[in-house]
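J.: following is a predicted model, sequence given first.
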Amino acid sequence: MNYWLVKQEPEAYSFARFQKEKVTTWTGVRNFQARNNLRAMKVGDRVFYYHSVEQREIVGWCQVVREAYPDPSAEEGDWSCVDLKALEAAKKPLGLAEIKSDSRLFSLPLIRQSRLSVMPIGPIEAKILISRLGI
């Protein structure tokens, strides 16, 4: 199993809304590196859900339930999407400042490539995040 992180503005699609809907198609990614990350996702992979912009915190996690396929929202170009299933909310959301203050997490793309919307998370860092989030 691999681990990933997806970012979303809570005003556009909050984790609470995602939990109510249970499954969503993760569309609208228009960055080649993020698209390639979507294409690398496999069914069963776990995904941290990050509220971007003002909140800047990991708020829950989900699971890949359908691997990459053509993004139906793309009017042109070679773009992909995946289907995600909401799992659980974090017992305590983990903010970006807290993540940056943990030297064990310095290698996260969230810190190094802050604008990337879909990114891999290594297994060691995932274990740290899981314990910090209480999930």
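T.: Looks like it arrived, so ask away. Just so it is clear, the model here is predicted, and its values are computed rather than measured.

J.: by mean pLDDT, which helix or strand of the protein comes out lowest?
T.: For the chain, counting by mean pLDDT, DSSP states H and E, helix 109-112 ranks last in confidence among helices and strands (a mean of 91).

J.: which secondary structure elements does the next helix or strand after it sit against?
T.: On the C-terminal side of helix 109-112, the nearest following helix or strand under DSSP states H and E is strand 118-121. Counting contacts by 3 or more Cβ pairs under 8 Å, 6 or more residues apart in numbering; DSSP states H and E, strand 118-121 packs against strand 3-8, helix 32-40, helix 109-112. The C-beta positions use only the backbone N, C-alpha and C, and glycine is treated the same way.

J.: okay, these in CSV with mean neighbour count and distance to Val64 next?
T.: Below are these laid out as CSV (neighbours: other Cβ atoms under 10 Å; distance: least, Cβ to Cβ, whole Å):
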stretch, mean neighbour count, distance to Val64
strand 3-8, 22, 8
helix 32-40, 17, 9
helix 109-112, 16, 18
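
J.: of all those, which one is nearest Gln19?
T.: Nearest of the helices and strands packed on strand 118-121 to Gln19, taken as Cβ to Cβ: strand 3-8 at 13.1 Å.

J.: residues making contact with the closest one?
T.: 14, 26, 37, 41, 45-52, 58, 64, 84, 108-110, 116-123, 125-126 (Cβ atoms under 8 Å, 6 or more residues apart in numbering).

J.: so what strands line up beside it?
T.: Strands that pair with strand 3-8, judged by DSSP bridges, come out as strand 46-51 (parallel), strand 118-121 (antiparallel).

J.: out of the ones you listed, which is the most enclosed?
T.: For those, average neighbour numbers computed from mean count of other Cβ atoms under 10 Å are highest in strand 46-51, which has a mean of 23.

J.: list the buried residues in the helix or strand just after that one.
T.: The C-terminal neighbour of strand 46-51 among helices and strands, as given by DSSP H and E, is strand 57-70. Within strand 57-70, the residues scored as buried using 16 or more other Cβ atoms under 10 Å are Glu57, Ile58, Val59, Gly60, Trp61, Cys62, Gln63, Val64, Glu67, Ala68.
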